[in-house]
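A.B. asks: predicted model and sequence follow; I will ask about them next.
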Amino acid sequence: METIEIREFTAADADWVVARHGVLYAQEAGFDASFEALVAEIVASFATSHDPARERGWIAERAGRRVGCIFCVRLDATTAKLRLFLVEPETRGTGLGRRLLDTCLGFAKHCGYARLSLWTHESHRAACALYKARGFACESSHPVHSFGQDLIEQSWTIDL
């Protein structure tokens with residue numbers, strides 16, 4: 001198996017991040033097009049106005065093919081937010097998710113953030129298990145109707 005490299009996000013990755021989120025979340029969770037539209041807004045904002053000293057995105061690649069991503073953005077002066085965490089199905093179970101998460105956590109610590117937060121849905125069980133194993137705590141959980149689905153929305157945080 002080829003090595004999976006993690007590199008910094010570039011503007012050339014934007015379309016892939018949006019498209020893969022749209023496709024995978026539609027296939028795996030039944031999300032409608034409003035989810036892909038939200039991802040497009042997040043990626044466009046990041047690409048045009050992020051602070052590279054305190055915000056970063058990463059792309060995982062295997063043999064020149066993108067297989068995952070994660071982003072760390074500023075929420076406020078002391079809190080960073082994890083966004084757009086995705087691992088392609090064929091690389092799940094390889095430790096890539098943990099590597100991407102550790103990359104994001106390490107960057108947030110290096111930047112001096114005190115906390116890292118994230119927003120997800122209870123149905124993303126593998127990701128939630130990874131967050132819990134890494135020390136995140138689920139701070140809130142409530143039902144919502146989003147992206148064409150009835151979901152349980154969750155907010156998780158970890159002190160850095």
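C.D. replies: Noted; the coordinates are in hand. Numbers count the residues shown, from 1 in each chain.

A.B. asks: please name the nearest non-neighbouring residue to the spatially most central residue of the chain.
C.D. replies: Geometric centre of the chain, nearest residue: residue 85, 2.0 Å, by CA atoms, centre = their mean. Spatially, and ignoring its direct neighbours in sequence, residue 85 is nearest to residue 70 (4.7 Å; CB to CB, 6 or more residues apart in numbering). Every residue, glycine included, has its C-beta placed from N, CA and C.

A.B. asks: quick check, that neighbour in contact with residue 80.
C.D. replies: No: counting by CB atoms under 8 Å, residue 70 stays clear of residue 80, with 11.7 Å between them.

A.B. asks: tell me what the helix or strand encompassing residue 118 is packed against?
C.D. replies: Taking DSSP states H and E as the criterion, residue 118 maps to strand 115-121. Using 3 or more CB pairs under 8 Å, 6 or more residues apart in numbering; DSSP states H and E, the elements in contact with strand 115-121 are strand 79-87, helix 96-110, helix 125-134, strand 149-159.

A.B. asks: rerun that using 6 Å as the cut-off
C.D. replies: Contact analysis of strand 115-121 by 3 or more CB pairs under 6 Å, 6 or more residues apart in numbering; DSSP states H and E lists strand 79-87, strand 149-159 as its packing neighbours.

A.B. asks: list the buried residues of the longest one.
C.D. replies: Along strand 149-159, the positions that meet the burial threshold by neighbour count (16 or more other CB atoms under 10 Å) are 151, 154, 156, 157, 158.

A.B. asks: residue contacts, residue 73?
C.D. replies: By CB atoms under 6 Å, 6 or more residues apart in numbering, the residues touching residue 73 are 55, 81, 83.

A.B. asks: okay, now residue 136: neighbour count?
C.D. replies: 22 (other CB atoms under 10 Å).

A.B. asks: check residue 123 and give its pLDDT.
C.D. replies: What the model reports as pLDDT for residue 123 is 89.

A.B. asks: phi and psi next, for it.
C.D. replies: phi -70, psi -10 (degrees, to the nearest 10).

A.B. asks: for this protein, which spans come out with low pLDDT?
C.D. replies: 1 (pLDDT under 70).

A.B. asks: report the buried residues of stretch 28-44.
C.D. replies: Applying a neighbour-count criterion of 16+ other CB under 10 Å, one finds 31, 35, 36, 38, 39, 40, 42, 43 buried in stretch 28-44.

A.B. asks: give the contact list for the third one.
C.D. replies: Translated: residue 36. Here residue 36 is in contact with residue 22 (CB under 6 Å, 6+ apart).
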